[in-house]
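# got a predicted structure plus its sequence, pasted below:
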Amino acid sequence: MTTDIVLRPDLKSTAIELAKKCAGLPIAIVTVGKAMKDKKEEFEWKNALQEPRRPSKRNFEGIPGDVYSAIELSYKFLEVEEYRPTFLLCSLMGHNAAIEDLLKYGMGLGLFHGANTIEETRYKVSTLVRNLKTSSLLLDGSTSERFDIQTFLKVISPNVLSRLSILEELYLYDSFDRWEVEGHEIFEKPRANASLVELQHLSHLTSLEVNVPDEQAVPKELFSEKLERYKISIGEKWRSDVLETSRNLKLKFNRSIHLVDQLQEIEVTVCKNFTGLLVEKREEDIGEYILEFSQLSSLKLRNLPSFIGLIYSEKKLSSSQLESIQSIGARSNATLLFDQKVLFPNIKKLVLWSIPIEQLWHDQLPMLSFGVQNLISLELESCHNLKNLFTSSMVKSFVQLKTLVVEDCDKIEEVIIITEGLVEEERMRKMVFPKLDYLILRDLPNLKRFCFGNPIEFPFLRELMIVRCPVLNTFHCDSTSVGTIVGNEAGKSSISMKNLHMDVPKYLFNEKLTFPNLQKLALKWNDGMKEILHGQRLASDYFCKLKVLRILRYPQRIAIFPSYQLQLLSLPNLKRLDIEHCYFKESVFQSESVGGEEKPASACKVLSRLTELRLFDLKELMHLWKEKKGFQNLRILSVARCPKLKTNLVPSSVCFQNLMTLEVQGCPGIIKLVTHSTAKSLVKLREMRISDCEKMEQILEGSDWGHDEVKDEFSFPRLNLLELTRLSKLESFCSSGNHTFGFPSLTTVVVQDCQKMKMFSQGGLDTPMLHKVQLQSNEWGNEEYWIWEGSLNSTIQQLFKERLFFFFKFP
């Protein structure tokens, strides 16, 4: 305080009394002294003395009322309007905060006025911080670019946070933890601190870091859908060395916690030290209490090498186990994912990837308690300790399951194992997945079968994919041919498991397995393929609605499409065929019998049903088709990465009268895409995309009859898109001058990296709907570029001239 003022006789006694109210704390004395240094009137000092005496509406636990009143007085005497909200924002930023961050947050909140540029605002903020330091409300930071807060600024007044309506990020983890329980002021004393309920008013909040020691302070709706990043601890703070993601939630609570009732999704990804959702430090922490995540609909656990279980007790772990899970990078020996202590009654999606569990569900507990009756999607990948998914008696609980994906699980031998001790009646009862429509089995090196024993039905399965399952010899194994029937005490027969692994017939499908609605099937070759495809009649029975068939990775020794597999192509509703990564040489299809085998349905008849054919990465294929007919109803043809296809795509005898989309990519052996006669049939073609064919010179091979004859007219009445991309030797669409071309519907032409293309065609050309050509090429910096010179031919010629100019100027 200014000495000559406080020594005035009329002010001396009042000043001494005010100093006593500072409780002897130097920080409070300095704070009040600087606030009063310019106050010369007696009434100002009397008013200041009365402020601490007035009944406070607040009670700050751990902070003396006189100390708080002294600091509050200094805050109230801040005369510049911008000082108060700036000080409040500084208090939220915590210790050793950066002035540059204060600039960003303050501008975002609209606190600073009168400055027109960021630089002017920066000067203004620096001045505000300096003046707040002069008032002792702020302290110096570790550098001149930082500031610190007083220890007693850990108080955040009620309803301050709720007013920051456009706040996007809030970091209070290390600076404030005195959250009050909302609602207690109604029956007790008024709130003295901020409440987490106030965060519900921050509709723009995307990042939040808070520590909440008192679990009762957590409201029922803490989480917002817009919250993208958070670090939240309830009951106990995180150690900084265990935080590995941008979304961290730690709970340490007693039985009354209600936060788990709010959670709708849980995702834990790539956390090498993560052991479980809930850990019992002592047996009495949870004991026999059952924890129910009543609203949780999605649980995703990925890459958790130390995972033990959703809930486990450290008390029951051995010292060696504790040391194992505490060591960095150690793998756990988790056994059971779900047990009776944690319930998910409404879970709909479960994703497990690279976690060391041996079993999903306890087969002796009621499945409804786990929530599987609501499960829609189950996806497992790289769970190498897992040997199966569930028992036959569990299947009836999966009434809503629509998606089942099992990939890269080394030890899985079967998806469903038979429940031991079943009586004969239960053993014959059909297993049904009433809503399953998507099933993928991929990269399962030890999978022998999908299931065993009970008949099984997939009434609505639409897509089945079996890829890289080398020892799979049957999808369903009949228990009567594998198990041993033994008696039990009630005089009924039951199934014994002791003969489970004896040799069985290698039929992939049998009469106890039905797919009445299967629409898509993907099969990868294995050595028993011929035997496990169980005959044409059964194929028709099993796959009566099959529309899409994918054939994958046949070995190099299979040079021709096997005749015995034409049975799959003869299915009455098959419309699309995909063949990928195979080594067929002369023809994709073989229409004759081979080696004395029974001759299947005619290949031409089979192909006439197809409406879509996609060929990808057939490295040895030299001819797509040698016959005269075979693609009468084809609408989509896609051929990619077939480097040995020669001269033309198909023989001149082939017609594509119904083809709507033609795509050819990565076929360097083709010189002229289609012949004159084949092009004549393309009356329904709408889209043509040709790319990366290094030797292609023309799209259409013209005829050689005399120039004096009447010009032969080609019309593509429905073609609206033509893309020619990276065709380094293409000279024109057609170089013959004997033809005219009509494209009445053509609106989009893309020509990219066709360096030798001098013109579009020699003959007449009509494109009434075309008004520009799109050029996307390396010389134009890969930017979309449109050009038009009045006609398609003139535009292509101009592009060629510009390309030559560019080449000679920048060789």
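Yes, it's here. The structure displayed is predicted, hence computed values, not measured ones.

# CA atoms for contacts and neighbours, from now on please.
Noted.

# pretty sure residue 208 sits in a strand.
Yes - according to DSSP: H, G, I helix; E, B strand; the rest coil, the state of residue 208 is that of a strand.

# low-confidence stretches in the stretch 301-450 of the chain?
Under the criterion pLDDT under 70, the flagged ranges of the stretch 301-450 of the chain are 312-334, 363-371, 420-428.

# what ranges do the helices span in it?
Read by DSSP state H, counting those that start in this stretch, the stretch 301-450 of the chain holds these helices, from start to end of the chain: 319-326, 424-427.

# what sits against the residue nearest to residue 271 when sequence neighbours are not counted?
Here the nearest residue to residue 271 in space, its sequence neighbours aside, is residue 304; by Cα to Cα, 6 or more residues apart in numbering that works out to 5.6 Å. With contacts defined as Cα atoms under 8 Å, 6 or more residues apart in numbering, the neighbours of residue 304 are 269-275, 354-356.

# quick one: buried ones out of those residues?
Among the contacts of residue 304, those classed as buried by 16 or more other Cα atoms under 10 Å are 269, 271-275, 354-356.

# got the residues you listed as a markdown table, with distance to residue 471 columns?
As requested, the buried ones among the contacts of residue 304 are exported to a markdown table (distance: Cα to Cα, whole Å):
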| residue | distance to residue 471 |
| --- | --- |
| 269 | 32 |
| 271 | 34 |
| 272 | 33 |
| 273 | 35 |
| 274 | 35 |
| 275 | 34 |
| 354 | 23 |
| 355 | 24 |
| 356 | 23 |
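
# look up the closest residue to residue 477, ignoring the ones flanking it.
Among residues not flanking residue 477 along the chain, residue 452 sits closest, at 4.6 Å (Cα to Cα, 6+ apart).

# which residues does the residue lying closest to residue 772 once chain neighbours are set aside contact?
On the basis of Cα to Cα, 6+ apart, the spatially nearest residue to residue 772 that is not a chain neighbour turns out to be residue 788, at 4.7 Å. Taking Cα under 8 Å, 6+ apart, we find residue 788 in contact with 771-773, 795.

# make it 10 Å
Contacts for residue 788 (Cα atoms under 10 Å, 6 or more residues apart in numbering) come out as 770-774, 794-796, 798-799.

# so residue 108 sits right up against residue 118, yeah?
No - using Cα atoms under 10 Å, residue 108 makes no contact with residue 118, being 11.9 Å away.

# what about the nearest residue to residue 672 once chain neighbours are set aside, how many residues close to it?
With sequence-adjacent residues excluded and distances taken as Cα to Cα, 6+ apart, residue 672 is closest to residue 698, at 5.0 Å. Here the number of neighbours of residue 698 (other Cα atoms under 10 Å) works out to 24.

# just residue 462 next, same as before
For residue 462, using other Cα under 10 Å, the count is 21.

# same thing with residue 163?
Using other Cα under 10 Å as the criterion, residue 163 is surrounded by 12 other residues.

# quickly find the element holding residue 101.
helix 99-109 (DSSP states H and E).

# tell me which residues in the following helix or strand past that helix are buried?
Using DSSP H and E, the helix or strand that directly follows helix 99-109 along the chain is helix 118-134. Of the residues in helix 118-134, 121-122, 124-126, 128-130, 132-133 count as buried by neighbour count, 16+ other Cα under 10 Å.
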